[in-house]
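Asks: The following block contains a protein sequence and its predicted model.
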Amino acid sequence: MARKVSSASGSKAPDASGQGDEGFVWRRKDLVGLDELSSDEIVYILDTAESFKEVSTRSIKKVPALRGKVVGLMFFEDSTRTRMSFELAASRLSADTILFTAKGSSVAKGETTLDTVRNVEAMGVDIFVIRHKEAGAPHMLAKKVQSSIINAGDGGHEHPTQGLLDIFTIRQRLGQIAGLKVAIVGDIAHSRVARSNIIGLTKLGAEVIVVGPPTLVPSAIAPMGCRISHSLDDVLGQVDVINMLRIQFERFASNLFPSLREYSRIYGMNSQRLSRSRKDVLIMHPGPINRGVELTSEVADGPNSCILQQVANGLAVRMGVLYLVSQGKVLQTNGFSTRPEGSGRG
Ligand code: CP
């Protein structure tokens with residue numbers, strides 16, 4: 001039996017068998033973004049994930065929390081980590097899964113996203129995991145279907161489970177979030193990972209500095225509560241965490257910097273820059289990495305990197321999220337208010 005973890009808010013996450021304590025009650029059927037969540041809800045997800053992490057250390061890595069449920073993995077856009085992580089998370093919770101990928105589907109015949117999801121829902125799916133190139137697609141679906149919707153990345157908008165697993169990893173490695181300084185470096189303009197990280201980290205009391213060339217760091221990001229810098233060298237020695245973002249070439253309409261060599265020279269993380277950073281600085285990257293562009297292999301595979309730990313933690317975070325939305329759906333079906341208790345903050 002996994003331990004029950006007290007959150008900073010005093011809430012009690014469910015243990016790995018799915019048994020929660022009285023107190024905080026998760027009431028949402030969907031997880032579409034961190035923007036909608038209070039700081040208490042974010043901490044509750046992290047604590048729930050903590051209790052599910054122990055399952056992966058067992059010889060039989062399964063719990064019955066979602067036995068009899070069906071999870072639909074709907075990938076309208078490519079993915080390796082998120083798709084496989086959700087699939088394994090659902091399997092460890094004893095759910096059945098069905099996989100949809102846009103390539104080879106009736107999307108090519110003009111079927112809309114809503115029609116596709118409604119048809120799959122008619123097969124008896126309880127929870128949909130949606131990745132889509134259009135920002136807002138999961139939010140639209142959450143309003144239109146009865147099943148739970150989890151956003152697995154919508155365009156340049158949000159990637160809430162990536163944000164959560166990043167925050168989970170920082171908390172695991174550094175013990176806290178409040179008071180930390182976190183640099184998010186690179187292609188902020190196109191990054192749903194940056195948005196979810198900024199939202200989640202600032203709600204939990206971290207200071208976030210976004211770093212990159214003016215063409216990749218829109219000034220409109222500042223009202224999200226972060227500081228902007230165009231010099232990685234200026235912030236290196238100030239921060240506890242450096243999260244290097246992938247350059248999303250597939251979202252570029254035109255060249256936004258002179259050359260990859262130039263980008264890497266000014267904004268790439270390498271051994272020289274690491275030696276000028278804090279000794280225990282945490283180096284993160286959501287993947288997939290453009291090796292030699294955002295960071296060198298020496299840094300990506302070195303002792304300060306927690307890139308594979310992020311991936312490992314993603315499994316526990318997604319188990320927690322799948323479990324919580326299934327509980328929220330039960331409450332909503334039974335007519336309880338969807339307004340979370342104690343959600344005054346954040
Ligand atoms: N980090 C991330 O979302 O990776 P994938 O695109 O492979 O899912």
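Replies: Thanks, I have it.

Asks: now the host helix or strand of residue 44: mean pLDDT?
Replies: Here residue 44 sits within helix 39-53, counting by DSSP states H and E. If you average the pLDDT over helix 39-53, you get 97.

Asks: wait, does the helix or strand just after it contact the ligand?
Replies: Downstream of helix 39-53, the next assigned helix or strand under DSSP H and E is strand 70-75. No: between strand 70-75 and the ligand, judged by CB under 6 Å from any ligand atom, nothing touches; the nearest distance is 8.7 Å. Yep, even glycine has a C-beta here, placed from its N, CA and C like the rest.

Asks: Does anything pack onto the next helix or strand after strand 70-75? Which helices or strands?
Replies: Once the chain leaves strand 70-75, the next helix or strand it forms, by DSSP H and E, is helix 81-92. With contacts taken as 3 or more CB pairs under 8 Å, 6 or more residues apart in numbering; DSSP states H and E, helix 81-92 sits against strand 70-75, strand 96-101, strand 127-132, strand 148-154, helix 160-174, helix 307-333.

Asks: would you turn the ones you listed into TSV with mean neighbour count, mean pLDDT and distance to residue 39?
Replies: Putting these into TSV (neighbours: other CB atoms under 10 Å; pLDDT from 0 to 100; distance: least, CB to CB, whole Å) gives the following:
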stretch	mean neighbour count	mean pLDDT	distance to residue 39
strand 70-75	24	98	27
strand 96-101	16	98	31
strand 127-132	27	98	24
strand 148-154	27	98	19
helix 160-174	24	98	11
helix 307-333	22	95	16
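
Asks: Present these as CSV; the columns should include distance to residue 277.
Replies: CSV is the format used below for the helices and strands packed on helix 81-92 (distance: least, CB to CB, whole Å):
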stretch, distance to residue 277
strand 70-75, 36
strand 96-101, 39
strand 127-132, 33
strand 148-154, 29
helix 160-174, 14
helix 307-333, 16
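
Asks: Nearest to residue 63, out of these?
Replies: Comparison of the helices and strands packed on helix 81-92 against residue 63 by CB to CB identifies helix 307-333 as nearest, at 8.4 Å.

Asks: Now do that closest one and strand 127-132, the angle between them.
Replies: 130 degrees (axes from the mean of the first three to the mean of the last three CA atoms, to 10 degrees).

Asks: Next, the angle from helix 307-333 to strand 148-154.
Replies: Using the same axes, to 10 degrees: helix 307-333 against strand 148-154 is 150 degrees.

Asks: gap between helix 307-333 and the chain center?
Replies: 10 Å (CA atoms, centre = their mean, to the nearest Å).

Asks: Look at residue 213 and say how many residues are nearby.
Replies: 18 (other CB atoms under 10 Å).

Asks: Quick check: it touching residue 230?
Replies: Yes: between residue 213 and residue 230 there is a contact under CB atoms under 8 Å: 6.4 Å.

Asks: Residue numbers of the stretch 151-300 of the chain in contact with the ligand?
Replies: Close to the ligand, as judged by CB under 6 Å from any ligand atom, the stretch 151-300 of the chain has residues 153, 159, 162, 286, 287, 288.

Asks: Excluding chain neighbours, give the residue nearest to the residue of the stretch 151-300 of the chain found nearest the ligand in space.
Replies: Closest to the ligand within the stretch 151-300 of the chain is residue 286: 3.9 Å, counting by CB to the nearest ligand atom. Nearest in space to residue 286, with sequence neighbours left out and distances taken as CB to CB, 6 or more residues apart in numbering, is residue 193 at 4.7 Å.

Asks: can you check residue 294 too?
Replies: That would be residue 244: by CB to CB, 6+ apart, it lies 4.4 Å from residue 294.

Asks: Might one say that the one you found is in contact with residue 291?
Replies: No: at 11.2 Å, residue 244 does not count as touching residue 291 under the criterion of CB under 8 Å.

Asks: More neighbours: which of these two?
Replies: The neighbour comparison of residue 244 against residue 291 (other CB under 10 Å) goes to residue 244, with 28 against 12.

Asks: For that one, give me its contacts.
Replies: Residues near residue 244 by CB atoms under 8 Å, 6 or more residues apart in numbering: 185, 186, 269, 283, 284, 285, 294, 295.

Asks: gap between it and residue 313?
Replies: 17 Å (CB to CB, to the nearest Å).

Asks: Residue 180 too?
Replies: Distance from residue 180 to residue 313, by CB to CB: 17 Å.

Asks: hmm, who's touching stretch 223-239?
Replies: Outside stretch 223-239, the residues touching it (CB under 8 Å, 6+ apart) are 181-185, 195, 198-199, 202, 207-214, 217, 219, 221-222, 242, 266-267, 269, 273, 276-278, 281.
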